[in-house]
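1. below: sequence and its predicted model.
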Amino acid sequence: MSSAQLLIDLLGGMHADRRSYTQLQALLEEQFQAALRHQAEPLMKLAERIGAVVDTLNSQRLTRRQLVARLLGRDQDLSMPALLQRLPQASSAVLGQTWSALEQQVRDCKALNARNCELIVQQQALMQRLLGMEQDTYAEL
């Protein structure tokens, strides 16, 4: 496969990742709303759907890694910045913009996930206290 085709595949994969992260972001928002409403069944279904998107993203990440390895001609020290430095200006600009947008989506989803986890952990701790199930693991002596 030519370098040009590898770059096309890499760019296409990043666009697929962006679509997946858009989907993940929407699911994380749904998860937050369901958690606020204490809706256990929707939370379970959303967890499955989120897991499926994450599995897809992981598969796409592995494919991207293989493409970058083929383009760089090595299997170690793989990074998008290293690849972008080796490309002509026009290709580097297009790929770099898409990569930056993808990185921002990753950061956004990580922040949403952290927010959701914090809410769910707080709710769990509150429920344990209300039900008298709180364990005094860190109680003062």
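-> Cool, the structure landed. Please read all numbers here as calculations on a predicted model, not as lab measurements. Numbering: from 1, shown residues only.

2. show me the shaky parts of this structure.
-> 133-141 (pLDDT under 70).

3. that one: helices as residue ranges?
-> Here the chain has its helices, by DSSP state H, at 3-36, 40-72, 80-86, 89-130.

4. can you list the buried residues in the second one?
-> Meaning helix 40-72. By neighbour count on 16 or more other CB atoms under 10 Å, the buried set for helix 40-72 is 43, 46, 50, 53, 56, 57, 60, 64, 66, 67, 68, 71. Bear in mind the C-beta positions are built from the backbone N, C-alpha and C, glycine included.

5. so which of the helices of the chain is the most packed in?
-> Among the helices of the chain, helix 3-36 has the highest mean neighbour count (mean count of other CB atoms under 10 Å), at a mean of 16.

6. which strands and helices lie in contact with it?
-> Contacts defined by 3 or more CB pairs under 8 Å, 6 or more residues apart in numbering; DSSP states H and E place helix 3-36 against helix 40-72, helix 89-130.

7. Throw the buried residues of helix 40-72 into TSV and include distance to residue 23, thanks.
-> Shown next, in TSV, are the buried residues of helix 40-72 (distance: CB to CB, whole Å):
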residue	distance to residue 23
43	17
46	12
50	9
53	6
56	9
57	10
60	12
64	17
66	23
67	22
68	24
71	27
